[in-house]
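K.L.:
Curious how this folds, go ahead:
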Amino acid sequence: MACCIEQIKKHVSIRRFTGEPIPDEDLGEILEAARRAPTGWNLQPLSITVVRSKEKLRQLADAVGGQEHVANAAAFLVFSVDYAKIVAAGEQIGVKVIPRLANLYEALIDVGIASGWAALAAESLGYGIVYVALYENPCAVAEIIRAPRYVIPAVGLAVGRPAEQPQPRRRQPLEAIVDYEEYGDPREKSRLVAETYGARAVKLFTYVFDSEGYYASASEALQRCLREHGFSLQ
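P.N.:
Model (predicted):
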């Protein structure tokens, strides 16, 4: 347990890799960790597409805005919400499955947990990882991995031997995140948040939350792709 906790505390995102391939045995351990992650109702409404082809890694890098660490990773794990297999299983047993908003929400939680377990397993084996959001252009990623209806890429994990060792980034203090028994003072939380980001706060918040910023266009693309892949937003 102590080893696991220390590994978590040392986490940094790695964006430069050596190019060394991942042995199948190590990759299997990483994927098994994800498979064993907690999941609601034990349904596991997710899938992991392992991409190691240089051609496809390049395509994926371009699809997510030219992020070179995707192209240079030893492997890129695409974690998708996957109700295609659940819908098909329902048909086999005579139960009609219609993925709704709550199902999507549940699956995204499962994806987050499974990818976190995979990341921890990879780091414990000496690999570096970086998370890559796929919601800016999910349909392009879906096309590359040939995801069918009811499957939507959610997040990617670039994995490889690290060619850099950056310092851990500052996080919000525990007091800004953790409360006991009931929610804490929002004003104190906001002060701690502003203090954490300092001079970067204005630039960061504008980029993330501006009405014409990153998430505005990403939200439109995500809603469109969800509908195209059969997900109800109700």
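
K.L.:
OK, contacts around residue 116?
P.N.:
residue 37 (C-beta atoms under 8 Å, 6 or more residues apart in numbering). C-betas here are computed from N, CA, C, even on glycine.

K.L.:
Please identify the helix or strand for it.
P.N.:
Here residue 116, judged by DSSP states H and E, is contained in helix 101-124.

K.L.:
Only alpha carbons, please: show that helix as CSV.
P.N.:
What follows is helix 101-124, C-alpha atoms only, in CSV (Å, rounded to 0.1, in the frame of the first residue of the first chain):
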residue,chain,number,x,y,z
LEU,A,101,-28.1,10.5,-20.1
ALA,A,102,-27.7,8.7,-16.8
ASN,A,103,-26.2,5.7,-18.6
LEU,A,104,-23.7,8.0,-20.3
TYR,A,105,-22.9,9.6,-17.0
GLU,A,106,-22.4,6.2,-15.3
ALA,A,107,-20.1,5.0,-18.2
LEU,A,108,-18.0,8.2,-18.0
ILE,A,109,-17.4,7.5,-14.3
ASP,A,110,-16.3,3.9,-15.1
VAL,A,111,-14.0,5.2,-17.9
GLY,A,112,-12.4,7.6,-15.4
ILE,A,113,-11.9,4.9,-12.8
ALA,A,114,-10.5,2.3,-15.3
SER,A,115,-8.2,4.8,-17.0
GLY,A,116,-6.9,5.9,-13.6
TRP,A,117,-6.1,2.3,-12.6
ALA,A,118,-4.4,1.8,-16.0
ALA,A,119,-2.3,4.9,-15.4
LEU,A,120,-1.3,3.8,-12.0
ALA,A,121,-0.3,0.4,-13.3
ALA,A,122,1.7,1.9,-16.1
GLU,A,123,3.6,4.2,-13.8
SER,A,124,4.3,1.4,-11.3
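
K.L.:
Now that helix: average pLDDT?
P.N.:
The pLDDT scores in helix 101-124 average 98.

K.L.:
now residue 36: how far from residue 29?
P.N.:
Going from residue 36 to residue 29 by C-beta to C-beta, to the nearest Å gives 11 Å.

K.L.:
between these two, who's got more neighbours?
P.N.:
The neighbour comparison of residue 36 against residue 29 (other C-beta atoms under 10 Å) goes to residue 29, with 15 against 11.

K.L.:
end-to-end on stretch 123-135?
P.N.:
End-to-end distance of stretch 123-135 (C-alpha to C-alpha, to the nearest Å): 25 Å.

K.L.:
Repeat that for stretch 193-209.
P.N.:
OK, stretch 193-209 end separation, C-alpha to C-alpha: 15 Å.

K.L.:
thinking again about what came up before, of all the residues in the helix holding residue 116, which ones are buried?
P.N.:
103-104, 106-108, 110-123 (16 or more other C-beta atoms under 10 Å).

K.L.:
for stretch 26-42, same thing?
P.N.:
Buried residues in stretch 26-42, counted by 16+ other C-beta under 10 Å: 26, 27, 30, 31, 33, 34, 37, 39.

K.L.:
Mind putting those residues into a markdown table with pLDDT?
P.N.:
Shown next, in a markdown table, are the buried residues of stretch 26-42 (pLDDT from 0 to 100):
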| residue | pLDDT |
| --- | --- |
| 26 | 99 |
| 27 | 99 |
| 30 | 99 |
| 31 | 99 |
| 33 | 98 |
| 34 | 99 |
| 37 | 98 |
| 39 | 98 |
